[in-house]
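Engineer: Give me a model of this one.
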Amino acid sequence: MTTINASSGPGFTPTAAIDIPAGNTVIAAVIEWRGKIALFRRSRRLGHDSGLWHCITGFVEAGATPEQQAFAELSEEAGLQAKDLDSLLQGPALVITDSIGGPWLVYTFTAMISRPRLRIDWEHDTYRWTPASKAKRFTNRVDWLDKVLVATGHFPAIVPIPDTV
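Structural biologist: Numbers count the residues shown, from 1 in each chain. Got it, this is the predicted structure:
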């Protein structure tokens, strides 16, 4: 179990320490190209969130830093290599509660890329480029995607996100 001391930021109030169960640490990477973001529809072959739109995600594996894991997931799920990345910007870490009340530590990233063509793996059926301002038109998206888009600066932070560390 990992204990995270939640901190304050713009629009946030300090919170108490949060225990994150082992295995509940992930990365969430938003891919951006020429002012648009890529949304990915999860494959129906997956056991959770299948058919829903989201960004690139993955569990942080033992011994890997969040940044290393972000690079690995971008390569595996979107076919991106280091030469395709203009930059990888780390956003704030979030603590997001799942449907049964369990906390998840989410390290957020924005991958600025130099080419629009992605090579998706079996975890996705398809992907679409969209202006971030129109991402809410994807009504069947994972419920935590908006928090990631706020954290990475793709959505305005109109209402504070209480699940931030």
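Engineer: how about whichever helix in the chain runs longest: buried residues?
Structural biologist: If you go by DSSP state H, the chain has its longest helix at helix 66-78. Neighbour counts over helix 66-78 (16 or more other Cβ atoms under 10 Å) mark Pro66, Gln69, Ala70, Phe71, Glu73, Leu74, Ser75, Glu77, Ala78 as buried. From N, CA and C alone the C-beta is placed, and that goes for glycine too.
Engineer: Which parts of the protein are helices?
Structural biologist: For the chain, applying DSSP H gives helices covering 66-78, 145-151.
Engineer: for the longest one, packing partners?
Structural biologist: The helices and strands touching helix 66-78, judged by 3 or more Cβ pairs under 8 Å, 6 or more residues apart in numbering; DSSP states H and E, are strand 25-33, strand 36-42, strand 56-59, strand 85-97, strand 103-113.
Engineer: For those strands, give me CSV that also has mean neighbour count, distance to Asn140 and mean pLDDT.
Structural biologist: Putting these into CSV (neighbours: other Cβ atoms under 10 Å; distance: least, Cβ to Cβ, whole Å; pLDDT from 0 to 100) gives the following:
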stretch, mean neighbour count, distance to Asn140, mean pLDDT
strand 25-33, 24, 18, 97
strand 36-42, 21, 8, 96
strand 56-59, 20, 16, 96
strand 85-97, 16, 18, 95
strand 103-113, 22, 20, 96
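Engineer: For the closest residue to Phe138 other than its chain neighbours, which residues count as its bridge partners?
Structural biologist: Nearest residue to Phe138, sequence neighbours excluded (Cβ to Cβ, 6 or more residues apart in numbering): Trp53, at 4.4 Å. For Trp53, the beta-bridge partners under DSSP bridges are Arg41, Arg141.
Engineer: and Trp53, how many residues sit next to it?
Structural biologist: By the criterion of other Cβ atoms under 10 Å, Trp53 has 22 neighbours.
Engineer: Check whether it really touches Asp143, as I assumed.
Structural biologist: No. Using Cβ atoms under 8 Å as the test, Trp53 is too far from Asp143 to be in contact (11.2 Å).
Engineer: wait, which of the buried residues of helix 66-78 is closest to Thr130?
Structural biologist: Ala78 (15.4 Å; Cβ to Cβ).
Engineer: Need the pLDDT of the residue lying closest to that closest one once chain neighbours are set aside.
Structural biologist: Spatial nearest neighbour of Ala78, excluding adjacent residues (Cβ to Cβ, 6+ apart): Leu118 at 4.5 Å. Listed pLDDT for Leu118 reads 97.
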